[in-house]
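**Q** Quick one, fold the following:
(one chain, ligands or ions: 2)
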Amino acid sequence: VIAFFQPKLLAGRKVVVTAGPTFEALDPIRGITNHSSGKMGFAIARAAREAGADVVVIAGPVRLATPRGVRRVDVTSARQMLAATEAETPQADVFVATAAVADWRPATESGQKIKKDGSGQPPALSFTENPDILATVARSERAQRGALFCVGFAAESHDLVDNARAKRERKGVPLLVGNIGPSTFGQDDNQLLLVDAQGVVELPRASKLALARQLVAEIARRARPAGT
Ligand code: CTP
Ligand code: CA
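**A** Residues are numbered from 1 along each chain as shown. Ligands and ions are numbered 1, 2, ... in the order given. Below you'll find the predicted structure:
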(Lines give C-alpha, C1' and ligand atoms only; values in the text may rest on other atoms or scores of the structure.)
(Ligands and ions follow the chains in the order given, each with its own letter.)
Protein backbone atom coordinates (compact mmCIF):
# COMPACT_ATOMS: atom_id res chain seq x y z
CA VAL A 1 0.00 0.00 0.00
CA ILE A 2 1.38 3.39 -0.94
CA ALA A 3 0.25 6.12 1.43
CA PHE A 4 0.49 9.70 0.27
CA PHE A 5 1.11 12.39 2.85
CA GLN A 6 -1.79 14.78 2.64
CA PRO A 7 -1.67 17.73 5.00
CA LYS A 8 -5.03 18.36 6.62
CA LEU A 9 -7.04 21.17 5.02
CA LEU A 10 -7.00 23.48 8.03
CA ALA A 11 -3.85 22.34 9.84
CA GLY A 12 -2.47 25.13 11.99
CA ARG A 13 -5.44 27.43 11.39
CA LYS A 14 -7.76 28.80 14.08
CA VAL A 15 -11.50 28.55 13.51
CA VAL A 16 -14.12 30.26 15.72
CA VAL A 17 -17.76 29.13 15.49
CA THR A 18 -20.80 30.64 17.20
CA ALA A 19 -23.62 28.17 17.76
CA GLY A 20 -27.06 27.76 19.28
CA PRO A 21 -29.54 30.37 20.42
CA THR A 22 -28.97 33.23 22.83
CA PHE A 23 -31.15 33.83 25.89
CA GLU A 24 -32.11 37.38 26.80
CA ALA A 25 -33.24 37.73 30.38
CA LEU A 26 -36.39 39.60 31.28
CA ASP A 27 -36.16 38.90 34.99
CA PRO A 28 -34.32 36.25 37.06
CA ILE A 29 -36.57 33.44 35.83
CA ARG A 30 -37.76 34.44 32.37
CA GLY A 31 -36.38 35.52 29.07
CA ILE A 32 -36.65 35.26 25.32
CA THR A 33 -34.85 32.73 23.19
CA ASN A 34 -35.47 30.56 20.12
CA HIS A 35 -35.45 26.93 19.01
CA SER A 36 -31.94 26.73 17.54
CA SER A 37 -30.43 23.40 18.58
CA GLY A 38 -26.81 24.30 17.85
CA LYS A 39 -26.37 21.06 15.89
CA MET A 40 -25.15 22.69 12.66
CA GLY A 41 -22.58 24.81 14.49
CA PHE A 42 -21.31 21.90 16.56
CA ALA A 43 -21.05 19.78 13.40
CA ILE A 44 -18.97 22.53 11.77
CA ALA A 45 -16.75 22.76 14.86
CA ARG A 46 -16.23 18.99 14.72
CA ALA A 47 -15.51 19.01 10.98
CA ALA A 48 -13.04 21.90 11.32
CA ARG A 49 -11.27 20.03 14.11
CA GLU A 50 -11.12 16.89 11.94
CA ALA A 51 -9.57 19.10 9.26
CA GLY A 52 -6.76 19.95 11.66
CA ALA A 53 -7.87 23.37 12.91
CA ASP A 54 -7.60 24.75 16.41
CA VAL A 55 -11.35 25.22 17.05
CA VAL A 56 -13.32 27.29 19.55
CA VAL A 57 -17.10 26.97 19.69
CA ILE A 58 -18.89 29.84 21.41
CA ALA A 59 -22.17 28.28 22.46
CA GLY A 60 -25.43 29.74 23.65
CA PRO A 61 -27.62 27.51 25.82
CA VAL A 62 -27.63 24.14 24.03
CA ARG A 63 -27.79 20.53 25.15
CA LEU A 64 -24.98 19.08 23.09
CA ALA A 65 -21.72 17.32 23.86
CA THR A 66 -18.58 19.24 22.93
CA PRO A 67 -16.86 17.65 19.93
CA ARG A 68 -13.56 15.98 20.79
CA GLY A 69 -10.62 18.36 20.75
CA VAL A 70 -12.80 21.48 20.47
CA ARG A 71 -12.58 24.28 23.07
CA ARG A 72 -15.98 25.48 24.22
CA VAL A 73 -16.97 28.85 25.65
CA ASP A 74 -20.50 28.89 27.06
CA VAL A 75 -22.44 32.14 26.95
CA THR A 76 -26.03 33.17 27.52
CA SER A 77 -26.84 36.53 25.95
CA ALA A 78 -25.97 38.12 22.61
CA ARG A 79 -23.81 40.67 24.34
CA GLN A 80 -21.83 37.90 26.06
CA MET A 81 -21.54 36.08 22.73
CA LEU A 82 -20.17 39.26 21.13
CA ALA A 83 -17.61 39.74 23.92
CA ALA A 84 -16.45 36.11 23.69
CA THR A 85 -16.27 36.34 19.89
CA GLU A 86 -14.26 39.57 19.99
CA ALA A 87 -11.86 37.91 22.45
CA GLU A 88 -11.30 34.90 20.17
CA THR A 89 -11.35 36.25 16.60
CA PRO A 90 -8.23 38.49 16.67
CA GLN A 91 -6.07 35.33 16.39
CA ALA A 92 -8.45 33.42 14.13
CA ASP A 93 -8.26 32.63 10.41
CA VAL A 94 -11.92 31.71 9.98
CA PHE A 95 -15.10 32.85 11.73
CA VAL A 96 -18.33 30.92 11.15
CA ALA A 97 -21.47 32.51 12.61
CA THR A 98 -24.13 29.83 12.90
CA ALA A 99 -25.73 31.15 16.10
CA ALA A 100 -29.37 32.14 16.04
CA VAL A 101 -28.71 35.34 17.95
CA ALA A 102 -31.84 36.91 19.47
CA ASP A 103 -32.42 40.04 17.43
CA TRP A 104 -33.86 41.91 20.42
CA ARG A 105 -33.49 41.84 24.17
CA PRO A 106 -35.78 43.30 26.82
CA ALA A 107 -34.83 46.97 27.23
CA THR A 108 -34.50 46.49 30.95
CA GLU A 109 -33.76 43.38 32.97
CA SER A 110 -35.69 43.35 36.22
CA GLY A 111 -33.64 42.27 39.22
CA GLN A 112 -36.75 40.69 40.69
CA LYS A 113 -39.46 38.49 39.23
CA ILE A 114 -42.05 40.64 37.47
CA LYS A 115 -45.36 40.06 39.26
CA LYS A 116 -48.91 40.47 38.05
CA ASP A 117 -50.16 43.76 39.42
CA GLY A 118 -53.78 42.70 39.68
CA SER A 119 -55.00 45.12 37.02
CA GLY A 120 -55.45 42.42 34.40
CA GLN A 121 -53.14 44.38 32.13
CA PRO A 122 -49.96 42.70 30.89
CA PRO A 123 -46.70 44.56 31.51
CA ALA A 124 -45.65 46.89 28.70
CA LEU A 125 -42.42 45.27 27.58
CA SER A 126 -40.02 47.14 25.39
CA PHE A 127 -37.07 45.79 23.47
CA THR A 128 -33.65 46.94 22.31
CA GLU A 129 -31.85 45.61 19.24
CA ASN A 130 -28.90 43.35 20.01
CA PRO A 131 -25.47 43.93 18.48
CA ASP A 132 -24.90 42.16 15.17
CA ILE A 133 -21.97 39.87 16.00
CA LEU A 134 -21.24 38.77 12.43
CA ALA A 135 -21.45 42.28 10.96
CA THR A 136 -19.24 43.63 13.75
CA VAL A 137 -16.53 41.02 13.16
CA ALA A 138 -16.83 41.37 9.36
CA ARG A 139 -16.11 45.10 9.68
CA SER A 140 -12.86 44.49 11.58
CA GLU A 141 -9.59 45.38 9.93
CA ARG A 142 -8.43 41.74 9.69
CA ALA A 143 -11.66 40.64 8.05
CA GLN A 144 -11.54 43.57 5.65
CA ARG A 145 -8.09 42.65 4.37
CA GLY A 146 -8.95 38.96 4.12
CA ALA A 147 -6.87 37.66 7.03
CA LEU A 148 -10.07 36.54 8.80
CA PHE A 149 -12.50 34.72 6.51
CA CYS A 150 -16.06 35.32 7.73
CA VAL A 151 -18.98 33.01 6.97
CA GLY A 152 -22.59 33.85 7.74
CA PHE A 153 -25.63 31.60 7.97
CA ALA A 154 -29.21 32.44 7.16
CA ALA A 155 -32.31 30.43 7.86
CA GLU A 156 -35.01 31.77 5.59
CA SER A 157 -38.59 30.67 5.28
CA HIS A 158 -38.99 31.94 1.69
CA ASP A 159 -37.06 33.39 -1.29
CA LEU A 160 -33.90 31.69 -0.02
CA VAL A 161 -31.59 32.68 -2.86
CA ASP A 162 -32.61 36.35 -2.98
CA ASN A 163 -32.60 36.71 0.79
CA ALA A 164 -29.24 34.97 1.11
CA ARG A 165 -27.69 37.19 -1.57
CA ALA A 166 -29.03 40.33 0.08
CA LYS A 167 -27.85 39.17 3.50
CA ARG A 168 -24.35 38.46 2.19
CA GLU A 169 -24.11 42.03 0.94
CA ARG A 170 -25.60 43.53 4.07
CA LYS A 171 -23.30 41.62 6.41
CA GLY A 172 -20.25 42.27 4.24
CA VAL A 173 -19.07 38.65 4.25
CA PRO A 174 -17.44 36.68 1.41
CA LEU A 175 -19.58 33.57 2.02
CA LEU A 176 -23.18 33.26 3.18
CA VAL A 177 -24.75 29.86 3.73
CA GLY A 178 -28.49 29.61 3.36
CA ASN A 179 -30.89 26.97 4.55
CA ILE A 180 -34.64 26.71 4.62
CA GLY A 181 -35.68 27.30 8.19
CA PRO A 182 -37.08 26.87 10.70
CA SER A 183 -37.97 23.34 9.51
CA THR A 184 -34.33 22.29 9.93
CA PHE A 185 -34.10 23.40 13.57
CA GLY A 186 -33.22 20.40 15.71
CA GLN A 187 -33.13 18.03 12.75
CA ASP A 188 -30.11 15.88 12.01
CA ASP A 189 -30.08 16.67 8.32
CA ASN A 190 -30.17 19.82 6.29
CA GLN A 191 -29.62 21.21 2.81
CA LEU A 192 -27.38 24.20 2.16
CA LEU A 193 -26.96 26.93 -0.38
CA LEU A 194 -23.52 28.55 -0.62
CA VAL A 195 -23.67 32.12 -1.86
CA ASP A 196 -20.45 33.95 -2.70
CA ALA A 197 -19.32 36.62 -5.17
CA GLN A 198 -19.17 33.95 -7.91
CA GLY A 199 -22.73 32.77 -7.48
CA VAL A 200 -24.70 30.00 -5.82
CA VAL A 201 -23.71 26.37 -5.17
CA GLU A 202 -26.11 23.85 -3.65
CA LEU A 203 -25.06 21.15 -1.20
CA PRO A 204 -27.87 18.60 -1.47
CA ARG A 205 -29.69 17.21 1.55
CA ALA A 206 -27.43 15.20 3.82
CA SER A 207 -26.62 14.83 7.50
CA LYS A 208 -25.46 18.00 9.22
CA LEU A 209 -22.06 16.37 9.77
CA ALA A 210 -21.66 15.44 6.10
CA LEU A 211 -22.66 18.98 5.08
CA ALA A 212 -20.31 20.45 7.69
CA ARG A 213 -17.41 18.48 6.22
CA GLN A 214 -18.23 19.71 2.71
CA LEU A 215 -18.60 23.28 3.96
CA VAL A 216 -15.26 23.14 5.78
CA ALA A 217 -13.62 22.01 2.53
CA GLU A 218 -15.29 24.92 0.69
CA ILE A 219 -14.12 27.37 3.37
CA ALA A 220 -10.55 26.00 3.28
CA ARG A 221 -10.51 26.45 -0.50
CA ARG A 222 -11.64 30.08 -0.22
CA ALA A 223 -9.79 31.26 2.90
CA ARG A 224 -6.39 32.83 2.40
CA PRO A 225 -3.54 30.28 2.71
CA ALA A 226 -1.68 30.15 6.04
CA GLY A 227 0.95 32.80 6.63
CA THR A 228 -0.25 35.23 3.95
N1 CTP B 1 -26.05 37.27 13.40
C2 CTP B 1 -25.20 37.74 14.38
N3 CTP B 1 -25.66 38.62 15.32
C4 CTP B 1 -26.94 39.04 15.29
C5 CTP B 1 -27.82 38.57 14.30
C6 CTP B 1 -27.34 37.68 13.37
O7 CTP B 1 -24.03 37.35 14.40
N8 CTP B 1 -27.35 39.90 16.21
C9 CTP B 1 -25.52 36.35 12.39
C10 CTP B 1 -26.07 34.95 12.46
O11 CTP B 1 -25.26 34.13 13.27
C12 CTP B 1 -26.01 34.52 11.00
C13 CTP B 1 -26.24 35.80 10.23
O14 CTP B 1 -25.91 36.85 11.13
O15 CTP B 1 -24.73 34.07 10.63
C16 CTP B 1 -27.62 36.00 9.71
O17 CTP B 1 -28.54 35.94 10.77
P18 CTP B 1 -30.07 36.25 10.46
O19 CTP B 1 -30.83 36.15 11.75
O20 CTP B 1 -30.48 35.42 9.31
O21 CTP B 1 -29.95 37.77 9.97
P22 CTP B 1 -30.45 39.13 10.55
O23 CTP B 1 -29.46 40.15 10.12
O24 CTP B 1 -30.71 39.04 12.01
O25 CTP B 1 -31.79 39.40 9.75
P26 CTP B 1 -33.30 38.82 9.97
O27 CTP B 1 -33.31 37.92 11.17
O28 CTP B 1 -34.13 40.04 10.13
O29 CTP B 1 -33.59 38.08 8.68
CA1 CA C 1 -32.06 37.48 13.04
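
**Q** what residues does the protein put near ligand 1?
**A** Within the chain, the positions near ligand 1 by C-beta under 6 Å from any ligand atom are 18, 78, 97-99, 101, 103, 130, 132-134, 152-154, 167, 171. For the C-beta atoms, the positions are set from N, CA and C on the backbone; glycine is no exception.

**Q** how about the strands in the protein?
**A** Here the chain has its strands, by DSSP state E, at 14-19, 24-27, 30-32, 54-59, 71-74, 94-97, 104-106, 127-129, 149-156, 175-180, 189-196, 199-207.

**Q** Pipe these into JSON lines and attach mean pLDDT per row.
**A** What follows is the strands of the chain, written out as JSON lines (pLDDT from 0 to 100):
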{"stretch": "strand 14-19", "mean pLDDT": "98"}
{"stretch": "strand 24-27", "mean pLDDT": "98"}
{"stretch": "strand 30-32", "mean pLDDT": "97"}
{"stretch": "strand 54-59", "mean pLDDT": "98"}
{"stretch": "strand 71-74", "mean pLDDT": "98"}
{"stretch": "strand 94-97", "mean pLDDT": "98"}
{"stretch": "strand 104-106", "mean pLDDT": "98"}
{"stretch": "strand 127-129", "mean pLDDT": "98"}
{"stretch": "strand 149-156", "mean pLDDT": "94"}
{"stretch": "strand 175-180", "mean pLDDT": "91"}
{"stretch": "strand 189-196", "mean pLDDT": "92"}
{"stretch": "strand 199-207", "mean pLDDT": "94"}
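
**Q** Do a quick rundown of the helices in this structure.
**A** 39-50, 78-88, 133-138, 141-144, 160-171, 208-222 (DSSP state H).

**Q** Show me which positions of the third one end up buried.
**A** Of the residues in helix 133-138, those with enough neighbours to count as buried (16 or more other C-beta atoms under 10 Å) are 133-134, 137-138.

**Q** now what about it, what contacts it?
**A** 18, 78, 81-82, 85-86, 89, 95, 97, 99, 101, 143, 148, 150, 152, 170-173 (C-beta atoms under 8 Å, 6 or more residues apart in numbering).

**Q** Equivalent analysis for stretch 163-182, please.
**A** 35, 40, 132, 134-135, 138-139, 149-157, 160-161, 190-197, 200, 215, 218-219, 222.

**Q** Can you say which of these are buried?
**A** For the contacts of stretch 163-182, buried by 16+ other C-beta under 10 Å: 40, 132, 134, 138, 149-156, 160, 190, 192-196, 215, 218-219, 222.

**Q** re the thing from before, for the helices of the chain, which one ends up most surrounded?
**A** helix 39-50 (a mean of 26; mean count of other C-beta atoms under 10 Å).

**Q** Strand 54-59 and that helix, what's the angle between them?
**A** 170 degrees (axes from the mean of the first three to the mean of the last three C-alpha atoms, to 10 degrees).
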